[in-house]
Every structure is written in structure tokens, then in C-alpha cells.
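Peer 1: sequence plus the predicted model coming up.
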Amino acid sequence: MAENGQNGLRTQVSCWIAAVRTHYLVLLFFTLIVYFPRLCLSYFVFFLAQFLRLIARITGVATGRPVANRRILVITDYLPPQTHGIAIRCHAYVKEMRAKGHEVIVFSTAYEASKETSFDHPNIPAVVNPFNLKNRIGYNPGVKLAWFLGAHTWDVVHLVYPSLIGTFVLTTCAWRRIPVYCSHHVEMNIFAYKLVPIRWVASFGLKMYDILGLGPAIKWGTLNAAPTLCFARDHMGKENEAKLRRVPSGTHDIFTAVPKSDTERRDIRLAKFKVDSEDDKVILMVQRLSAEKGTERVFTALLPKEEGGQGVKGVLAIAGDGPAKEGLIAEATRLRLRVVFLGNVPHNELPQLYRSADCFVTMSLSETFGLTCLEAMMCGCPAVMPFCSVFDEIWTDKTPKEWHYNIESPEELAASIAAAQTGRKYLQDHPVRMTWRDAAEELLEQYEECIKMNKKNREMLRELVQFMDHCFRVAICSTAATWVLCRYYWPAMKRFVRGVGLETLVR
């Protein structure tokens, strides 16, 4: 038996080694055959565009005149049809800024066809995100983005992190002295260690991200922003405080406490939550179902006290999808809990769920803002959330302390749920209101701050370009004049001298 066990262990170790070797061979092949050649091509296209701009300036074709609106380039991996918070946020920013008359060009890895315009370019070279198969990650800027960065005039570039093409964007913008607004939306440390089972692999990945992603953003980014300042300080260091800002947040106007009809609450509770009485409390969760969200922690509060739980009464409704869904369904079935899995719910159908639930709960410590908490409370649904630096910064002065709990304490979670289930009156008296329209206005103000911070660099570049422009013009005129003199004038003078007999005198 012992020998069989050792053989099994050896086989497992051999499989791990083979898998690691295969992984690195694939990575090496991809890097040498695909990544570096395409990256070099992108830089070539960028500098070709710069050379052509120089010719246009010399010939007087390029005027570079200022315009009333702003020319903004947004580069993001996250847009619809993705349904997570970053995609919703980016789409809302673009929509609101275009509504204000600004020229907003978007480069992304994918875009929902019904929302796409001629200003959208969903063709950044990308690969499937192994941790979220519905998302794609841009691994290379591509020829088209390189051309746009080199050939066009931009007032500001908004680079959305996490991003693998940040180094290219930041270096090219630094060359052209274009201000870059870097917004960071993911706590990479939590995601890496939760999703990657081998710790040293996760550590290596984080180190590479710091070198290729975070480091260039801190060095060359004009401003670095995050949904909360505490996350920005933790992510980029307090020593960079002067360049840190809070990226504005909001929700759509559809998130309101006013129901669509008098029977909406009853109809939704019966159709979606499978309850037909107000005595049955509904606890709602809206999130991606993956390891870093900690969804399974709420089950302890729902278990009967005789089984070691807290005996919270009611139905748990979970809206969302992800790799952890099957495991959560199996665990809820094993524990015989009243849990309804709603799957992915269209964004425009979420308000009626919030309005029909008795309270909203999140167990996640990986949030950089938590849009779902804001959406719930704008619909009049009290939100229960754990104590953490992000939620504390946003909600401590806006919600009762009883709605917050220690993530390690099922007792506090149960008490917070009980308090929140009777908290609708508080939100009626203290309504929460944060819209994307206001957020976009504040974001534009931060763009203006970026432009002002970069003004000295742009003026230096303008003076340098003007000097080079004059030098090129003088060089071209001098070369042309020299060629004319050598080709026509001096031979003509020699013929004239010989013709009038002055050759001896000239000698």
C-alpha cells in the first residue's frame, strides 16, 4: 500500500512538472513568435505616423489648431457585452462624455454591436481571459491603435487598468507629451492568490504586472486614479499621493426607488424569488460567482442554529454567473438551504430585483468600489457589507453602522442582515444619489487637471517642434538653393564669362 501511495505521488509530481514545462514552452513560443514581432511592428507604425506628421507640418498641411471640445482616447479591455462593474463604468463614461459634445474614441477588445459606433474600435489583439472565459485581454496594441496614437492629436488618453498594453501606450504618449489618465479598478493581489493555486506562480505574475503594468503607470502616468483613495494609496504607494485621485462613480438613472407599477414587488417576489408573503424575507446578492467574492460565507448565517449556523430566516437570491456557480449550487443543496440562483440578469432588470428584496448582501473584500451596493441603495434596498477600507471610506458616513459586519463573524453578519431588513425607512429619509452624468462631469474636470499638469511638457515639445520645423525648412531651402546654383547658375555664369571674353580677366 505504501509503495502504491509513493508511486501515485511520483506520478502526480511528474504530471505537475510536465504541466509547468508545457506552460513555459507555450509562453516562450507565444512571446518569441507572436508578442515581440507584433510589438515591434506597432512601434514601427507609431514612428511612421510621427514621420508623416512631421512631413505634414513642414508642408503646412497640419495646422494643430485648438477646438472647443476635447479629443479623448479611451483604451480599455472592459466594455459590454461584459456585465461586470468596470465594463458598465467605462460604457457610462463614454456615453455621457459624448453626450456633452466631446470627441471620444474607444479602443477595446470587444464591444456590443448594438452599442458600437464609428468612433469605436473593438479590435485590439486579444486572448481569452483564463479566469473569466467571457472576457478577452488585450496583449498587444496592434497596428490600428499604434497609428491612432502616432498620427492623431489627443488632449488626453484614458488608460483603464488592468491592462497588458500599458507600457506601449505610456511610452508613446510620453514621447508625444500627451497626458495619460490611468484608472485602476482591480485589487490584483487578492485576485492572483485566490485564482492561481500555485503561490509562487501568483507571486511571479504579480511581480511581472508591477514591472510591466503598475510601474510604467506610476512613472509616466500624469494622474493615477482608483474608485477609492485608500485603494489608490495601497496600490500605488502613499509616496505618490500628489498624483492620486478618486475616479468618480455613479449609476444609471434607471436605479430608483420608484417601482414601475403598484404590483411590481409582489410579482417579482413570486416570479423570481419564489415567495408569496412579505413575512418571507428576501436576501439578494448580485455579483460574479468566483472564488475571490467569498459568496459561500453567507451560507453559515442561513444554517439553523442547531447545525452550527445563525438561523437567519428567508430566501437567498443570487444573481450572477461564474466558475464557482456549480460548486455553490452543490453546497446549497447539501446544506438544504433556500437559495435561488437567478443566473446572469440583464442590467436593466436589476432595479426591480433590488426594489423587491428586503436587503442586499455582499461578502466580497476584493471590491475597489462595489457598484452593486450603490445600485441597491439607490433603489431603496439596504446594503449589508463587511468592514474593509474601501467600504469604510465610501459608506461609513452614509449608512448605519449596524449594516456593517466583521467578515470573520457569522454572528455580526446575521445581526446586520436583521438590522438591514428593517432599514428601508432610513434610505427614504437619507436617499443615496450618485449618477453617471455627475461622475462624467467630475471625470472631465480631472482630465482638465491632467492637461494643466502636462501643459509645461506640451509647451516644451511645441517649442522643440517649431525649432525643428524652422531648421528643416532652412535646410530644405538651402539644399534647394545650392542645387539650383550648382545645376544652373554657375554653369550659366561660366558660359557667359567665356562668351564675352572675360575668362582671362577672371583668372
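Peer 2: Nice, thanks for sending it over. Numbering: from 1, shown residues only.

Peer 1: ok, now how distant is Ser356 from Leu133?
Peer 2: Distance of Ser356 to Leu133, given as C-beta to C-beta, to the nearest Å: 31 Å. C-beta coordinates here come from the backbone N, C-alpha and C atoms, glycine included.

Peer 1: comparing those two, which residue is more hemmed in?
Peer 2: For Ser356 versus Leu133, the count of surrounding residues by other C-beta atoms under 10 Å is larger for Ser356: 24 against 10.

Peer 1: how many residues are close by the residue nearest to that one when sequence neighbours are not counted?
Peer 2: Distances taken as C-beta to C-beta, 6 or more residues apart in numbering put Ile268 closest to Ser356, at 3.9 Å, once the chain neighbours are dropped. By the measure other C-beta under 10 Å, the count of residues near Ile268 is 21.

Peer 1: wait, doesn't Cys90 sit right on Gln82?
Peer 2: No - Cys90 is not in contact with Gln82 according to C-beta atoms under 8 Å; the separation is 9.3 Å.

Peer 1: and the contacts of the helix or strand that contains the residue nearest to Ser356?
Peer 2: According to DSSP states H and E, Ile268 maps onto helix 264-271. With contact meaning C-beta atoms under 8 Å, 6 or more residues apart in numbering, helix 264-271 is reached by Pro259, Ser261, Val275, Asp276, Val282, Gln352, Leu353, Arg355, Ser356.

Peer 1: do that again at 6 Å, thanks
Peer 2: Applying C-beta atoms under 6 Å, 6 or more residues apart in numbering, the external contacts of helix 264-271 come out as Val275, Asp276, Gln352, Ser356.

Peer 1: surely the second one is in a strand?
Peer 2: It stands for Asp276. No - counting by DSSP: H, G, I helix; E, B strand; the rest coil, Asp276 is located in no strand; its state is coil.

Peer 1: next, count neighbours for the nearest residue to it once chain neighbours are set aside.
Peer 2: Setting aside the residues directly before and after it, Asp276 is nearest to Leu270 in space (C-beta to C-beta, 6+ apart), at 5.3 Å. Leu270 is flanked by 14 other residues according to other C-beta under 10 Å.

Peer 1: and the one 3 residues further on, by the same measure?
Peer 2: Counted by other C-beta under 10 Å, the residues lying close to Phe273 total 24.

Peer 1: which parts of the stretch 151-300 of the chain are strands?
Peer 2: Ranges of strands within the stretch 151-300 of the chain are 156-161, 180-184, 223-226, 244-246, 282-286, based on DSSP state E, counting those that start in this stretch.

Peer 1: okay, those strands in a markdown table with distance to Thr372 and mean pLDDT next?
Peer 2: Shown next, in a markdown table, are the strands of the stretch 151-300 of the chain (distance: least, C-beta to C-beta, whole Å; pLDDT from 0 to 100):
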| stretch | distance to Thr372 | mean pLDDT |
| --- | --- | --- |
| strand 156-161 | 19 | 96 |
| strand 180-184 | 19 | 96 |
| strand 223-226 | 18 | 94 |
| strand 244-246 | 19 | 94 |
| strand 282-286 | 5 | 96 |
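
Peer 1: how about these, which one is nearest Val484?
Peer 2: Closest to Val484 of those, according to C-beta to C-beta: strand 156-161, at 44.9 Å.

Peer 1: let me know the angle separating the closest one from strand 180-184.
Peer 2: Strand 156-161 runs at 20 degrees relative to strand 180-184, counting by axes from the mean of the first three to the mean of the last three C-alpha atoms, to 10 degrees.

Peer 1: am I right that Arg495 falls within a helix?
Peer 2: Yes - counting by three-state DSSP, Arg495 is located in a helix.

Peer 1: give me the pLDDT value at it.
Peer 2: Predicted confidence (pLDDT) at Arg495: the value is 74.

Peer 1: tally of neighbours for it?
Peer 2: Neighbour tally, Arg495, other C-beta under 10 Å: 10.

Peer 1: ditto for Lys452
Peer 2: Per other C-beta under 10 Å, the neighbour tally for Lys452 reads 11.

Peer 1: quick one: it from Val180, how far?
Peer 2: Going from Lys452 to Val180 by C-beta to C-beta gives 14 Å.

Peer 1: then Ala383?
Peer 2: With distances taken as C-beta to C-beta, Ala383 is found 34 Å from Val180.

Peer 1: next one: Ala92
Peer 2: Look at Ala92 and Val180: by C-beta to C-beta, they are 21 Å apart.

Peer 1: could you do Ile137 as well?
Peer 2: Per C-beta to C-beta, Ile137 is found 20 Å from Val180.

Peer 1: which of those two has more residues huddled nearby?
Peer 2: The neighbour comparison of Ile137 against Val180 (other C-beta under 10 Å) goes to Val180, with 26 against 19.

Peer 1: these two touch, right, the more buried one and Ala225?
Peer 2: No - counting by C-beta atoms under 6 Å, Val180 does not reach Ala225; the two are 11.2 Å apart.

Peer 1: low-confidence ranges, the chain, go.
Peer 2: The chain contains residues with pLDDT under 70 at 1-32, 60-66, 113-114, 461-470, 500-507.

Peer 1: kindly state the domain boundaries assigned to it.
Peer 2: 13-250, 264-430, 460-506 (automatic domain parsing).

Peer 1: would you turn those into a markdown table with distance to Glu445?
Peer 2: Formatted as a markdown table, the domains of the chain follow (distance: least, C-beta to C-beta, whole Å):
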| stretch | distance to Glu445 |
| --- | --- |
| domain 13-250 | 9 |
| domain 264-430 | 19 |
| domain 460-506 | 24 |
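
Peer 1: what's the closest of those domains to Glu448?
Peer 2: Smallest distance to Glu448 across these (C-beta to C-beta): 8.4 Å, for domain 13-250.

Peer 1: so what's the gap between that closest one and the chain middle?
Peer 2: Distance, stretch centre to chain centre, for domain 13-250: 8 Å (C-alpha atoms, centre = their mean, to the nearest Å).

Peer 1: likewise stretch 251-264?
Peer 2: Between the centre of stretch 251-264 and the centre of its chain there are 28 Å (C-alpha atoms, centre = their mean).

Peer 1: and it, how far apart are its ends?
Peer 2: Using C-alpha to C-alpha, to the nearest Å, the end-to-end distance of stretch 251-264 comes to 21 Å.

Peer 1: show me which positions of that stretch end up buried.
Peer 2: By neighbour count with 16 or more other C-beta atoms under 10 Å, stretch 251-264 contains the buried residues Thr251, His252, Phe255, Thr256, Ala257, Pro259.

Peer 1: wait, the first one sits on Ala376?
Peer 2: No - under the criterion of C-beta under 6 Å, Thr251 lies out of contact with Ala376, with a separation of 9.8 Å.

Peer 1: wait, what's in contact with Pro400?
Peer 2: For Pro400, the contact set (C-beta under 6 Å, 6+ apart) is empty.
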